[in-house]
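>>> Predicted model follows, preceded by the sequence.
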Amino acid sequence: MRILLVTPYLPHPRVGHGGGQAIRSQLRALAQRHDCLCVSLLRHGEQTEVPAAADQGFRLATVPFLDARSQGVRRLQLIGVRLLAAARAAGDRYPYYVAKYHWPPLVRAVVEAAEAFQPDVIQVEYLQLAYLLRELRRWRNAEPGDRRPATAGPRLVLSSHEASSLPRRRRAAEARWWRRHALLAEAAAWDRLARDASGWADATLCVTEQDRRLLAAAGGQRLITVPLGVDLETASAERTAALRRVLFVGSFQHPPNRSAAALLCDRIWPQVFAELPGWELVLAGPGSDRFLAERQPAPAGVTATGFVADLRGLLRQCRVLAAPLTEGGGIKIKILEAMACGLPVVTTAIGAEGITTRADELVWWADDPAEFARQLLAAARDPATAAARADRARRHVERYFSWTTVVERLEAVYRGDDPS
């Protein structure tokens with residue numbers, strides 16, 4: 001099968017967020033069984049990452065993209081492009097975040113790649129690229145006499161990654177009235193987009209059953225639940241049990257990660273450190289070092305690594321993963337990776353959604369800071385129970401979230417079958 005995958009994030013080894021890591025792993029897994037071409041946006045400063053991104057078993061084409069890091073003349077161009085995006089968003093009543101990704105060079109590049117590559121499937125990653133799906137449907141269904149006959153063309157698949165209205169509705173529930181109104185309006189715009197985008201696609205992938213139900217309630221069509229996966233071949237369950245470390249990992253450019261890290265440092269860790277004074281909390285991920293440096297006074301027993309090129313070593317060197325996430329949506333890749341590596345996990349209902357339930361007893365659950373501290377202490381003080389849960393968690397990931405399992409479900413979608 002020939003698969004053309006379009007992503008807003010260059011799939012290079014240093015990509016610092018869970019969604020980007022999942023796309024990269026997905027491409028590598030698909031390329032082991034199929035002929036894959038990836039078309040990716042390329043941001044300012046990423047040119048040096050292209051060789052590593054291109055050396056992973058799939059073909060790669062990049063399209064320069066104007067973003068906040070653009071310099072010189074391109075910075076001036078960015079202002080004009082963003083003003084047009086704002087006008088487009090107001091006219092279509094879709095989120096501005098989506099309108100700014102309506103990038104004509106990307107549309108041209110994908111159409112040209114499709115005409116040359118002749119894929120069986122074009123998969124578009126993230127709702128933010130939904131405008132591209134609309135253009136691809138028009139191209140595929142062109143009238144006779146245009147560039148393509150109406151009967152020709154690949155199957156169009158949208159990988160939504162999350163129901164983007166959900167985290168906004170969650171924030172609205174805690175916000176003041178004026179902010180609540182803005183967040184609810186933004187959530188409604190995301191729902192409109194999801195509904196329309198699912199009409200442009202032949203199938204829309206939802207990473208959790210909860211997301212599928214939410215998009216269906218918004219009017220979405222042809223929705224299929226296919227989770228994100230994790231690379232079990234590179235995940236090791238070997239532990240360094242003597243190290244008294246708790247790990248928090250994530251991109252600190254992502255607001256849900258920053259708020260979770262602040263909650264952990266300010267309200268949870270002081271309770272844990274008072275009971276376990278020799279232990280260390282490690283913050284890992286892009287921006288974690290700046291985050292910690294800005295906190296005054298510095299929290300006791302906390303260190304930060306900044307970006308870590310390969311998290312596997314750090315996962316082996318820590319005793320517990322703490323993920324007190326209170327916002328966000330979709331599947332949390334950090335949770336899957338920790339479970340795959342046999343690292344015990346303490347998280348919230350939001351952190352575990354789409355992965356496990358309380359009844360599974362695979363992770364420790366807590367949604368209140370005091371209870372989270374108690375559960376973190378329980379996981380740290382009872383290594384036998386922690387090891388047993390971690391072992392069950394890894395088997396759970398092997399069964400439901402290995403890329404072998406996920407790719408088989410994707411292949412069914414690509415053929416037009418029901419993968420359930």
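Received the coordinates, thanks. On a predicted model such as this, the values are computed, not experimentally measured, just so you know.
>>> ok, A380 to R258 distance?
24 Å (Cβ to Cβ, to the nearest Å). Using the backbone N, CA and C atoms, a C-beta is placed for each residue, glycine as well.
>>> The two - which one has more neighbours?
A380 (21 against 16; other Cβ atoms under 10 Å).
>>> Tell me which residues touch the more buried one, please.
244, 246, 272, 276, 279, 319-320, 386 (Cβ atoms under 8 Å, 6 or more residues apart in numbering).
>>> same check, this time on P8
Per Cβ under 8 Å, 6+ apart, neighbours of P8: 40-41, 65, 101, 125-126, 128-129.
>>> ok, so of these, who is nearest R171?
Q128 (18.2 Å; Cβ to Cβ).
>>> Quick check: the closest one touching Y97?
Yes - using Cβ atoms under 8 Å, Q128 is in contact with Y97, at 6.0 Å.
>>> between those two, who's got more neighbours?
Q128 (21 against 16).
>>> Check the gap between that one and V407 for me.
In terms of Cβ to Cβ, Q128 sits 24 Å off from V407.
>>> before we move on, what about G91?
Taken as Cβ to Cβ, the span from G91 to V407 is 39 Å.
>>> can you check R395 too?
On the measure of Cβ to Cβ, R395 and V407 end up 19 Å apart.
>>> Give me the buried positions along stretch 85-97.
85, 88-89, 92, 94-95, 97 (16 or more other Cβ atoms under 10 Å).
>>> likewise stretch 12-20?
In stretch 12-20, counting by 16+ other Cβ under 10 Å, buried: 12, 15-20.
>>> Farthest-apart pair in these, please.
Top of the distance list for the buried residues of stretch 12-20 (Cβ to Cβ): H12 and G18, 14.8 Å.
>>> For the stretch 51-200 of the chain, just list every one of the helices.
73-92, 96-99, 104-117, 130-140, 165-174, 177-200 (DSSP state H, counting those that start in this stretch).
>>> Mean pLDDT added to those helices, as a markdown table?
Below are those laid out as a markdown table (pLDDT from 0 to 100):
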| stretch | mean pLDDT |
| --- | --- |
| helix 73-92 | 88 |
| helix 96-99 | 94 |
| helix 104-117 | 96 |
| helix 130-140 | 95 |
| helix 165-174 | 90 |
| helix 177-200 | 94 |
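>>> For R415, which of these is the nearest?
Nearest of the helices of the stretch 51-200 of the chain (Cβ to Cβ): helix 130-140, 17.5 Å.
>>> How far off centre is stretch 390-406?
18 Å (Cα atoms, centre = their mean, to the nearest Å).
>>> ok, now stretch 62-80?
Relative to its parent chain, stretch 62-80 has a centroid offset of 24 Å by Cα atoms, centre = their mean.
>>> do the same with stretch 131-138
23 Å.
>>> who's in contact with that stretch?
6, 98-99, 101-102, 106-107, 110-111, 114, 122, 124, 156, 158, 196-197, 200-201.
>>> Show me what counts as buried in the worst-scoring helix or strand of the chain on mean pLDDT.
The least trusted helix or strand in the chain, going by mean pLDDT, DSSP states H and E, turns out to be helix 311-316, with a mean of 86. Residues of helix 311-316 classed as buried: 311-312, 314-316 (neighbour count, 16+ other Cβ under 10 Å).
>>> hey, C-alpha coordinates of that helix in PDB?
Provided in PDB are the C-alpha atoms of helix 311-316 (Å, rounded to 0.1, in the frame of the first residue of the first chain):
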ATOM      1  CA  LEU A 311      14.100   9.400  27.600                       C
ATOM      2  CA  ARG A 312      14.600   5.600  27.900                       C
ATOM      3  CA  GLY A 313      17.600   5.900  30.200                       C
ATOM      4  CA  LEU A 314      15.900   8.400  32.400                       C
ATOM      5  CA  LEU A 315      12.800   6.300  32.600                       C
ATOM      6  CA  ARG A 316      14.900   3.400  33.800                       C
END
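>>> Next, the buried residues of the strand ranked longest in the chain.
In the chain, with assignment by DSSP state E, the single longest strand is strand 35-42. For strand 35-42, burial by neighbour count (16+ other Cβ under 10 Å) applies to 36-42.
>>> For that strand, which helices and strands make contact with it?
strand 2-7, helix 18-31, strand 59-64, helix 104-117 (3 or more Cβ pairs under 8 Å, 6 or more residues apart in numbering; DSSP states H and E).
>>> Can you say which of the ones you listed is nearest to T347?
Of the helices and strands packed on strand 35-42, nearest to T347 by Cβ to Cβ is helix 18-31, at 13.7 Å.
>>> That closest one vs strand 2-7, what angle?
Orientation check (axes from the mean of the first three to the mean of the last three Cα atoms, to 10 degrees): helix 18-31 against strand 2-7 gives 170 degrees.
>>> so which two of the buried residues of stretch 85-97 are the farthest from each other?
Taking Cβ to Cβ as the measure, these have their most distant pair in D92 and Y97, spaced 12.6 Å apart.
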